[in-house]
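Undergrad: Need the 3D shape of this:
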Amino acid sequence: MPVRMLRYIFALMFAVATLLPQTVSAQDQASATTPLIAEQQKALDTLTRKADGLEKQIDLDREDDAKLVEIRLGLEDVSREALHSALTFRPRLAEINARLEQLGAPPADGQPAEPDIVKNERSELAAEKAQINGVLAAAQNLSLRSSGIIDRIALMRSELFRSLLTKRYQLTDALSGEVISDANQEFRNFVSSLSSWISFAFKFKFQAVVVATFLALIAAAVLLIGGRRLFGRLIEADPAADEPSYLSRLSVAFWSTLLPTAAMGVFFAATYFFFNSSNVLRGDIGVFLSAAMLILTTVFLVNRLANAALAPGLPNWRLIPVESGSARWLVHLATAMAVVVGISNFLSVVNEQMGSPLSLTIARSFIATIIVGVILILIGLVKPFRTHEGVWRPWPAWLRYSAFLLGGFTIGAALFGYIGLALFVSQQVVVTGTILITAYIGFLSAKAIGEEGGFGGSSAGRWLTSNANIEESTLDQFGLAVSVALNLLIVVVFLPLILLMWGFQPGDIQTWGYKLATGLSIGSVTISFTGILSGLVVFAIGYFLTRWFQGWLDGSVMARGKVDAGVRNSIRLAVGYAGVAVAALVGISAAGIDLSNLALVAGALSLGIGFGLQNVVSNFVSGLILLAERPFKVGDWIVAGDVSGTVRKISVRATEIETFQRQSVILPNSNLINGAVGNWTHRNKLGRVEIKVGVAYGSDVKRVHELLLEIARSHPMVLKNPEPFVQFTNFGTAALEFEVRIYLADILNGGGVQNDIRFAILDAFNREGIEIPSTPRAVVEMPKLEPWPGDDDKMEVEHAERERLKAEAEQKALKSRRKPRKPDPN
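TA: Alright, predicted model coming up:
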């Protein structure tokens, strides 16, 4: 009994010792995942509170488009962080599902019970999975809620923009006498605020202002001077040029507008940045200064563009063939319109900061839109062209009536009280029109550079030709690349500006840029431009590394190892194709494309092969066979049908053969596999050539045989083994025919050796008096023709005389037929 009790105690202790580590391990695993769930739950609670605050802020800023965009950006961040929090659980969920699958389903009723350790582990895993699913559901709900609020903001912004354009104001209060007093009061407040800031800056921040301005000037000077040195003649028009090319005029107009404007913008941006960093700016002064800088840059851009396109002082450089007086008027009118719109926008900022009454804002906008409409009508009334007779002609009808329509619409909208619509149209005419014209000139310049010979005719192309010794075809390719780069640069720079002018906010552009970078979803397909760019970069790197490795392997390894040229070519091609294939696969993976989806492409290619790509695939497979079996190699002399020549290149599709007339023949590889191909230099260059010669009947054939054999043996390139052989081949119709057969170490020298031996045979036969008969030819006597008359005048006189005699003879014959008949005596 005691022994039995001890056995029972030892068995129980052993079972507890066995099960205890597993239980502890499961508990440790559950406790390890609990902090992750708690951490993500806490993050979701924070995001939920942030979304609540943003949603409450919508009602407070429903009339401010910029604030609504900021709220939308915040909600987009909340949605992204919620989805990121959900993705954090993906590895743990995969582990839980895998473990549950290993444990299997619980036993059904009537089956043996499973161990408690297994049951407990399954329960803990199921509980943890349920907690994770709860957190995932909360994250998904938060993301959906954020998306719903974003859609609501989009509707509010659309309604806000629509009300801005369609809202009608009463002009009676805006044009009353109180407006003048309000304007005087606001002007005094503005001057007081500005003077107080100037006094503060000069007393306490004078050194910071000077240093900041100096640094901004340096930044602008670096851009302007560097641009002038880089682009040279593309910046300024040469007054001495009588007939500049269209490309030169376009380039000067584009770069002389863009570069100084960019330098001015850099100066203003650097000034504002340094002022703000040095705590020189106050809140309202910073807003005034940024608005003034933006307006001055816009006015400068309009003036530079008008002067560049119309060139009042340089008629030869004008893009539009107008008269000089009209060009000056148009430049003044365009600049005046930009100044009016700029002042209106600046006063709008001042009114907003000063809290001006609505009547003052309406009056300011009304006056500005009326002036812009009048200027547009004046531009349409200008007669810029003059005929050779001195008659002035107006603009083309479509352009003239467009100016009248825009000007009349702006004035009419303002008079009827639609101030927002009139102001929007006037701003688009000035700013958007300037941006579009500048971009259009840039596109024309890029197009002219990309045309054949366009870049080579430019100053940069001429400099590259003279200094870098670049060929014309290379310059054309480089010009095409420059053209593409310029087009992309113009789109990247000018498209955001146009979007900003049409009511979009920087946050909108930021959101679109993020979507383009991370992925654009079209249906079930997600296109990531960043991924595509990464894939292209990876492929380019792999491609150039492959080319470098090919050159190193061929030039350094195989060349030093004295590897046969054909083997080197096969290895180089195989390495090249393998490297490009690997680079393509890695690039596709880097672009985020699932390689398993390429099965569809493979199926499409199989279908194409079945219908129309049989020849292509046949040539491809034949090329692989040629590279593997190597029936001929680069440098071999082959004969394929009617083509005979030296192999220059073997690719997977075709083989290039250079004939002895220096003609390159491209033969499809399937022709070389399916047809008979003779290779004179397959294993070595040893070969036999024949020289045929005939002697006259009656010659000493023994002596002829000795002479021919002696001549063949005496040539230094003729091999002694196999030795040359002379054969008496035939009794010909006109000669006794012999054939000299010689062997050469290099069959490619056969032509020169045959030539030397023929000369030697001719000399020996002449010396020995042996005649080489020629084939008799029949003599055909040609009839003698009358010589062509040398005197044309004499020939014409003789011809006229013959014609006259012939006419007289015909007249006499006619008269003889018309004689009257004698009367009948009866």
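Undergrad: Just the CA trace of the helix or strand Glu658 falls within, in CSV.
TA: Taking DSSP states H and E as the criterion, Glu658 maps to strand 654-659. In CSV, the C-alpha atoms belonging to strand 654-659 read as follows (Å, rounded to 0.1, in the frame of the first residue of the first chain):
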residue,chain,number,x,y,z
ALA,A,654,18.4,37.8,-86.0
THR,A,655,22.0,37.4,-87.1
GLU,A,656,23.9,40.2,-88.8
ILE,A,657,26.1,39.1,-91.7
GLU,A,658,28.4,41.5,-93.5
THR,A,659,29.0,40.6,-97.2
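Undergrad: Remind me what whatever helix or strand Ile149 lives in packs against, helices and strands.
TA: Using DSSP H and E, Ile149 sits in helix 116-166. Helix 116-166 is packed against helix 2-60, helix 65-87, helix 90-103, helix 419-427, with contacts defined by 3 or more C-beta pairs under 8 Å, 6 or more residues apart in numbering; DSSP states H and E. Just so you know, the C-beta spots here come from the backbone N, C-alpha and C atoms, and that holds for glycine as well.
Undergrad: Go ahead and flag the most central residue of the chain.
TA: By C-alpha atoms, centre = their mean, the chain has its centre lying nearest to Val484, at 5.8 Å.
Undergrad: Skipping its backbone neighbours, what lies nearest that one in space?
TA: Gly450 (7.4 Å; C-beta to C-beta, 6 or more residues apart in numbering).
Undergrad: so that neighbour touches Ala485, yeah?
TA: No: judged on C-beta atoms under 8 Å, Gly450 makes no contact with Ala485 at a distance of 10.2 Å.
Undergrad: Compare the two (neighbour count), which wins?
TA: Gly450 (18 against 12; other C-beta atoms under 10 Å).
Undergrad: The helix or strand in which Val350 is found vs helix 419-427, what angle?
TA: Assigned by DSSP H and E, Val350 falls within helix 324-354. Interaxial angle of helix 324-354 relative to helix 419-427 (axes from the mean of the first three to the mean of the last three C-alpha atoms, to 10 degrees): 140 degrees.
Undergrad: Give me the buried positions along the helix or strand following helix 324-354.
TA: Later in the chain than helix 324-354, the nearest helix or strand by DSSP H and E is helix 358-381. For helix 358-381, burial by neighbour count (16 or more other C-beta atoms under 10 Å) applies to 359-380.
Undergrad: swap in stretch 80-89?
TA: So, applying 16+ other C-beta under 10 Å, buried residues of stretch 80-89: Glu81, Ala82, Ser85, Ala86, Thr88, Phe89.
Undergrad: got the contact list for it?
TA: 36, 40, 43-44, 47, 132, 135-136, 139-140, 142-143, 146 (C-beta atoms under 8 Å, 6 or more residues apart in numbering).
Undergrad: picking up where we left off before, would you single out the least confident of the helices and strands packed on helix 116-166?
TA: Note on those: lowest mean pLDDT is at helix 2-60, with a mean of 60.
Undergrad: Find me the pLDDT at Leu667, would you?
TA: pLDDT, Leu667: 85.
Undergrad: next helix or strand past the helix or strand harbouring it?
TA: Assigned by DSSP H and E, Leu667 belongs to strand 664-668. Counting by DSSP H and E, the next helix or strand C-terminal to strand 664-668 is helix 669-674.
Undergrad: Can I get that next one in PDB? Just the C-alpha atoms.
TA: This file holds the C-alpha atoms of helix 669-674, laid out as PDB (Å, rounded to 0.1, in the frame of the first residue of the first chain):
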ATOM      1  CA  ASN A 669      17.500  33.000 -86.900                       C
ATOM      2  CA  SER A 670      14.900  30.600 -87.900                       C
ATOM      3  CA  ASN A 671      16.200  30.700 -91.500                       C
ATOM      4  CA  LEU A 672      19.700  29.700 -90.200                       C
ATOM      5  CA  ILE A 673      18.300  26.800 -88.100                       C
ATOM      6  CA  ASN A 674      15.900  25.400 -90.700                       C
END
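Undergrad: Start at 5, not 1
TA: Understood, numbering begins at 5; the last thing we discussed is helix 673-678.
Undergrad: So which other helices or strands are in contact with the helix or strand following it?
TA: Counting by DSSP H and E, the next helix or strand C-terminal to helix 673-678 is strand 681-683. Contacts defined by 3+ C-beta pairs under 8 Å, 6+ apart place strand 681-683 against strand 641-644.
Undergrad: For the strand it packs on, name the packing helices and strands.
TA: Counting by 3+ C-beta pairs under 8 Å, 6+ apart, the packing neighbours recorded for strand 641-644 are strand 647-654, strand 681-683.
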